[in-house]
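K.L.:
Predicted model and sequence below, questions to follow.
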Amino acid sequence: MIRSTTRLTLIAFAFSATALLLAQERMRPGLWENTVTSGGKSATRSHCLTADELAITNGSTEAIRQSMVKAFAKLNNGSCTLKDFKVEGDTISSVMVCGASSFASTRTFHGDNVETASTSTTAGVARVSHITSRRLGACPATEK
């Protein structure tokens, strides 16, 4: 259960970890820790994000929207579409529909912290998940 919710949530994070109103630095490159909580279970994962990986996140609202449309069109054999996308202040919300399932997400940026609340609904059953993300600092140097 947490695995499929986590997958959709991380997809949403990657593509809707997005906009204020204009292109700007919403997330800084570095080591980010994400804790996903769903169904009473939590999983924490850290990942280094580069400036290139954050280019869409830190891009314009339209660039973010187009990236999400393109990514969601590839999911579930092309049956997923972005139905709603809003940017209001430091909060972004989106709704993705995949056949009879839907995924709603709201993400709020607070400097080096990001909060995401999402609800996936399949066959009338809603599953709520929360992601708290925080920048831990620079990525560790890699050995060559």
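P.N.:
Structure's in. What do you need? Numbers count the residues shown, from 1 in each chain.
K.L.:
List phi and psi for the closest residue in space to residue 50 that isn't next to it in sequence.
P.N.:
Leaving aside its chain neighbours, residue 50 sits nearest to residue 29 (5.4 Å; criterion: Cβ to Cβ, 6 or more residues apart in numbering). C-beta here means a position set from N, CA and C on the backbone, and glycine is covered the same way. Main-chain dihedrals, residue 29, degrees, to the nearest 10: phi -60, psi 150.
K.L.:
so which strand or helix has residue 119?
P.N.:
Assigned by DSSP states H and E, residue 119 belongs to strand 113-122.
K.L.:
So which elements touch that strand?
P.N.:
For strand 113-122, the helices and strands in contact under the criterion 3 or more Cβ pairs under 8 Å, 6 or more residues apart in numbering; DSSP states H and E are helix 2-16, strand 101-110, strand 125-137.
K.L.:
one step back: check contacts around the residue nearest to residue 50.
P.N.:
48-51, 53-54, 139 (Cβ atoms under 8 Å, 6 or more residues apart in numbering).
K.L.:
let's go with 7 Å and repeat that
P.N.:
Residues near residue 29 by Cβ atoms under 7 Å, 6 or more residues apart in numbering: 49-51, 54.
K.L.:
Pipe those residues into TSV and attach neighbour count, distance to residue 110 and pLDDT per row.
P.N.:
Shown next, in TSV, are those (neighbours: other Cβ atoms under 10 Å; distance: Cβ to Cβ, whole Å; pLDDT from 0 to 100):
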residue	neighbour count	distance to residue 110	pLDDT
49	19	17	93
50	10	21	92
51	12	20	90
54	19	16	86
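K.L.:
List the ones among these that fall in strands.
P.N.:
Under the assignment DSSP state E, the contacts of residue 29 contribute residue 49 to strands.
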